[in-house]
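In: whatever this is, show me its structure:
(one chain, ligands or ions: 1)
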Amino acid sequence: MLPSAFPEPELFAPNTGEPALRWGVLAPGQIAGAFVGALHRCTAQRVHAVGSRSLERAEKFARDHGIPRASGSYDAVVGDPDIDVVYIAAPQSEHLALGLLAIAAGKHVLIEKPLATTATDARILVDAAREAGVFLMEAMWSRYLPQSSVIRTLIADGALGDVRSVSADHGQAIPFDPEHRLYRPDLGGGALLDLGIYPVQLASMILGAPTQITAVGGMTETGVDAYSTLVLDHGPHRHATLTTTLEVRTPTVAAIVGTEARIEMGSPFHIPTTLTLADNGFLTETLHWEDPTGLPVFDGLSWEATALARYIGEGRTESPLHTLDETVAILATIDEARRQLTA
Ligand SMILES: NC(=O)c1ccc[n+]([C@@H]2O[C@H](COP(=O)([O-])OP(=O)(O)OC[C@H]3O[C@@H](n4cnc5c(N)ncnc54)[C@H](OP(=O)(O)O)[C@@H]3O)[C@@H](O)[C@H]2O)c1
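Out: Residues are numbered from 1 along each chain as shown. Predicted structure coming up:
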């Protein structure tokens, strides 16, 4: 029997007691623009400074987004005494060094996904943040979306029965260009670290860390992983099948399947989307959910920012919805998959 209605999502709504933090942005590229736009439209958070390797780029970004301070260096932003939290939006290869720079300056830090390119480097960041007593979080925005709250509540309430499997894919058609960051090994390119991390984190949220990992796939001519399928074993009767590719656009959907019912996530599953709850009957009964907040696509980045502010206001140093140990474990799964692809 399906429930009569979906649970209400727990929202990270703005102006609900969280501090209005002063943010500094490092590396004003594509996602930084989307993030700052979402922050200013949908939260009580404000960006106070931006740093780029080029003063000209920083000044343009500051003008475009109404940011008071612009610098031609990252050091100036992390050293700015008026900044509470630093958001790092550089390519994956730079996350470790820039994260350590911000932590050493005593700032709270939000680092774009992936936290680092390996579990070992992620652990270095985690240890440094813990030692410094600052807040550290990977910007895995899917975790903070309303749909993720609904999924967690349905599972906790037993609506799916015993959860047995997760399937998810994330494929985007990125035209081949050896200079594009996704095709460059030196910038931490490859499908798994950029796109595959979304299916892997979903499986982790639902089933925890895998007990066995099997990966098959292939590489680009530049030497990064182009496509792969991961089969994760999670102990008796539990498994996940995850696919990623940077060569073709796949449905980018997900299903979470239990003994009583399943949740199907609409495409693309990792951004604000729809849910279908379906029972196991021969003539499947379904119930549909749409995000009542209506925040479209990249405005969904705002939820993680308000979550971070709320957690800092509560005196936390990490996200309870995506702990630092889990963040490292997710990268360990990706490490092992990448190792098998190149073995
Ligand atoms: N949450 C999401 O939905 C989402 C979406 C896309 C990307 N991302 C993540 O965000 C990060 C950035 O991705 P993006 O697509 O925004 O990249 P992008 O447009 O290429 O911007 C990255 C910026 O990093 C700076 N940078 C610093 N060192 C660099 C280097 N060695 N080479 C190139 N640029 C360098 C550059 O800014 P300056 O030189 O001006 O400092 C550049 O504009 C990645 O970690 C990615 O995984 C997240």
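In: identify the bridge partners of residue 229.
Out: With DSSP bridges as the criterion, residue 229 is bridged to residue 216, residue 243.
In: need the pLDDT of it.
Out: On the pLDDT scale, residue 229 is placed at 98.
In: ok, it touching residue 240?
Out: No. Checked against Cβ atoms under 8 Å, the pair residue 229 and residue 240 is beyond contact range at 10.8 Å. Using the backbone N, CA and C atoms, a C-beta is placed for each residue, glycine as well.
In: who's more crowded, the two?
Out: residue 240 (25 against 16; other Cβ atoms under 10 Å).
In: how about that one, what does it touch?
Out: 165-168, 199, 203, 206-207, 210, 230-232, 234 (Cβ atoms under 8 Å, 6 or more residues apart in numbering).
In: export those to a markdown table and tack on neighbour count and secondary structure?
Out: Supplementary listing: the contacts of residue 240 in a markdown table, determined by neighbours: other Cβ atoms under 10 Å; DSSP: H, G, I helix; E, B strand; the rest coil:
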| residue | neighbour count | secondary structure |
| --- | --- | --- |
| 165 | 19 | strand |
| 166 | 25 | strand |
| 167 | 19 | strand |
| 168 | 27 | strand |
| 199 | 26 | helix |
| 203 | 27 | helix |
| 206 | 23 | helix |
| 207 | 20 | helix |
| 210 | 23 | coil |
| 230 | 27 | strand |
| 231 | 14 | strand |
| 232 | 26 | strand |
| 234 | 21 | coil |
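In: the residues you listed: which two are farthest apart?
Out: 206 and 231 (15.4 Å; Cβ to Cβ).
In: so what's residue 232 up against?
Out: 203, 207, 210, 212, 213, 214, 239, 240, 241, 242, 333.
In: okay, and the last one sits in which element?
Out: With the criterion set as DSSP states H and E, the secondary-structure element containing residue 333 is helix 324-342.
In: what pLDDT does the model give the residue in the stretch 101-250 of the chain that the ligand sits nearest to?
Out: Relative to the ligand, the nearest point of the stretch 101-250 of the chain is residue 112 (3.6 Å; Cβ to the nearest ligand atom). Predicted confidence (pLDDT) for residue 112: 98.
In: is it in a bridge, and if so with what?
Out: Under the criterion used (DSSP bridges), residue 112 bridges to residue 139.
In: pull the contacting residues for it.
Out: Residue 112 touches 31, 87, 88, 89, 90, 95, 138, 139, counting by Cβ under 8 Å, 6+ apart.
In: what sits up against the helix holding residue 333?
Out: 114-116, 118-119, 122-123, 126, 129-130, 136, 138, 140, 190, 192-193, 196-197, 200-201, 204, 209-210, 213-219, 225, 228, 230, 232, 318.
In: can you tell me which of the residues you listed end up in helices?
Out: Members of the contacts of helix 324-342 lying in helices (criterion: DSSP state H): 119, 122, 123, 126, 129, 130, 197, 200, 201, 204.
In: could you redo these as a markdown table and give each row distance to the ligand and neighbour count?
Out: Conversion of the ones in helices among the contacts of helix 324-342 to a markdown table gives the following (distance: Cβ to the nearest ligand atom, whole Å; neighbours: other Cβ atoms under 10 Å):
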| residue | distance to the ligand | neighbour count |
| --- | --- | --- |
| 119 | 16 | 21 |
| 122 | 13 | 28 |
| 123 | 18 | 18 |
| 126 | 17 | 21 |
| 129 | 18 | 22 |
| 130 | 22 | 14 |
| 197 | 8 | 26 |
| 200 | 14 | 28 |
| 201 | 12 | 24 |
| 204 | 17 | 22 |
